[in-house]
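Q: Based on what follows, work out the 3D shape:
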Amino acid sequence: MASVTLKNLCKHHPGGVTAVSDLSLEIPDRSFFVLAGPARCGLSTVLRLVAGLETPSDGGVSLSGFPVDGRSPRERGVALVSRHSVPYPNMTVFDNLAFGLKLGRETSATEIRARVAAAADLLDLGDVLALTPSALTDSQCWRLSLGRAIARRPRVYLFDDPLSGLEDAARAARRAELAALHKRVASTFLFATHDQTEAMTLGERIAVIKNGLLQQVAAPQGLYDRPANLLVADFFGSPPMNLIETSVLSREGTAYLRFGACQLPLPEDRATRSEVLAYVDRSVIMGIRPEDLHDELDRFPLSQTVMDVTNIEVAGLETHLRLTNGDCDITARLSHRPAVKPGDSFRIAFDPQKIHLFDKDTGRSVLTPF
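A: Next up, the predicted model:
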């Protein structure tokens with residue numbers, strides 16, 4: 001078991017391509033820590049730098065406070081599992097599990113058998129040790145890939161988007177398996193994914209990265225409720241956060257918002273904040289999540305507007321309404337099915353406590369500094 005420290009980590013490739021830029025992170029021992037971000041944002045490179053498969057251009061990696069730069073993955077005590085981690089087809093399950101242990105030559109045959117048996121028992125592979133991968137189910141092959149890492153007893157497990165390409169049901173099942181496995185092996189898990197659901201359901205903390213740059217680090221709910229910028233706001237949530245260009249105006253030293261014919265008051269603790277008042281007579285991007293739009297009008301009498309219904313999507317117990325007023329399009333996520341149809345006018349209320357404001361040029365949150 002080990003904590004992981006990344007200190008000003010950089011990776012520059014030939015041709016001027018920067019995969020990781022000045023990345024500093026503290027990953028606690030035995031935590032389930034997630035790296036998340038859009039495609040080609042540098043997640044795989046970060047894992048390869050931690051594993052020792054690539055050399056940093058600058059900065060370094062430490063495990064439990066000790067620098068490991070220049071050491072091999074085996075010397076570091078890390079194991080990497082990815083979507084490409086397929087079993088050796090001509091080996092039995094036993095030999096697949098034992099292969100990494102035999103490479104080092106320092107593990108006795110007795111110890112190898114003990115570790116293979118322990119990994120097989122943990123992953124319910126004890127009955128298939130004599131079989132080859134072609135005789136296994138997809139789920140057993142996945143557990144065999146995990147078992148090859150577990151048998152080595154690494155200090156840190158690295159997962160490079162291992163569930164991509166799977167159907168939703170299989171992904172959900174394997175997420176549950178990983179969460180349970182983390183509790184049983186009590187080791188540090190560093191998991192990279194481009195999928196917001198995986199990040200939110202697996203991560204105790206999440207670091208959001210774009211173009212190799214750290215955007216925000218927080219617990220899942222903190223990222224959802226207090227995104228530091230537009231990228232984080234848009235990455236998490238389904239349907240995604242509504243983003244509306246709006247003007248900040250002031251009346252007697254109190255800020256309020258206007259877009260189209262709609263005027264929205266801000267809660268007093270925000271309407272008088274200097275950070276908000278600095279944007280008076282300027283445009284900002286207002287964000288509000290679909291579930292923070294309501295048709296319970298008496299709850300929010302001062303923050304309502306009438307919009308036209310353009311689309312209705314029934315999603316189980318929820319209804320997603322697509323609304324427009326000519327100036328903007330938004331989605332409302334309601335917990336019931338209103339009696340409306342496309343083309344109808346619909347009065348919708350904004351929860352002013354749940355409004356986010358972002359700088360139009362930088363994308364940074366006006367209210368949640370990073």
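Q: Break the chain down into its domains, please.
A: Listed domain ranges for the chain are 4-235, 242-359 (source: automatic domain parsing).
Q: Could you save those domains as TSV and add columns showing distance to residue 368 and mean pLDDT?
A: Bear in mind the C-beta positions are built from the backbone N, C-alpha and C, glycine included. Formatted as TSV, those follow (distance: least, Cβ to Cβ, whole Å; pLDDT from 0 to 100):
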stretch	distance to residue 368	mean pLDDT
domain 4-235	4	94
domain 242-359	8	93
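Q: Pick the most buried one from those domains.
A: domain 4-235 (a mean of 18; mean count of other Cβ atoms under 10 Å).
Q: can you give me the helices for the stretch 1-150 of the chain?
A: For the stretch 1-150 of the chain, helices defined by DSSP state H, counting those that start in this stretch occupy the ranges 43-51, 73-76, 93-104, 109-122, 138-150.
Q: Can you lay out the domains of the chain as CSV showing distance to residue 367?
A: Shown next, in CSV, are these (distance: least, Cβ to Cβ, whole Å):
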stretch, distance to residue 367
domain 4-235, 8
domain 242-359, 6
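Q: Switch the helices of the stretch 1-150 of the chain over to a markdown table; also include distance to residue 263.
A: Formatted as a markdown table, those follow (distance: least, Cβ to Cβ, whole Å):
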| stretch | distance to residue 263 |
| --- | --- |
| helix 43-51 | 42 |
| helix 73-76 | 58 |
| helix 93-104 | 64 |
| helix 109-122 | 60 |
| helix 138-150 | 54 |
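Q: of these, which approaches residue 7 most closely?
A: Proximity to residue 7 (Cβ to Cβ) singles out helix 43-51 among the helices of the stretch 1-150 of the chain, at 11.5 Å.
Q: Dump the closest one to CSV, keeping only the CA atoms.
A: Provided in CSV are the C-alpha atoms of helix 43-51 (Å, rounded to 0.1, in the frame of the first residue of the first chain):
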residue,chain,number,x,y,z
LEU,A,43,-4.9,10.6,-18.5
SER,A,44,-3.1,7.6,-20.0
THR,A,45,0.2,9.5,-19.9
VAL,A,46,-0.2,10.3,-16.3
LEU,A,47,-0.7,6.6,-15.5
ARG,A,48,2.3,5.6,-17.6
LEU,A,49,4.4,8.2,-15.7
VAL,A,50,3.3,6.8,-12.4
ALA,A,51,4.0,3.3,-13.6
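Q: now what about that helix, what contacts it?
A: By Cβ atoms under 8 Å, 6 or more residues apart in numbering, the surrounding residues in contact with helix 43-51 are 4, 6, 9, 11, 19-20, 23, 35-37, 54-56, 61, 73, 76, 78, 80, 156, 158-161, 190, 192-194, 209, 212.
Q: What are the boundaries of the helices in the stretch 251-370 of the chain?
A: 268-271, 274-277.
Q: Nearest to residue 299 among these would be which one?
A: Taking Cβ to Cβ, helix 268-271 is the member of those nearest to residue 299, at 17.4 Å.
Q: picking that back up, of the helices of the stretch 251-370 of the chain, which is nearest residue 354?
A: Proximity to residue 354 (Cβ to Cβ) singles out helix 268-271 among those, at 11.1 Å.
Q: Check the offset of the closest one from the chain's centre.
A: Centroid displacement of helix 268-271 relative to its chain, using Cα atoms, centre = their mean, to the nearest Å, is 31 Å.
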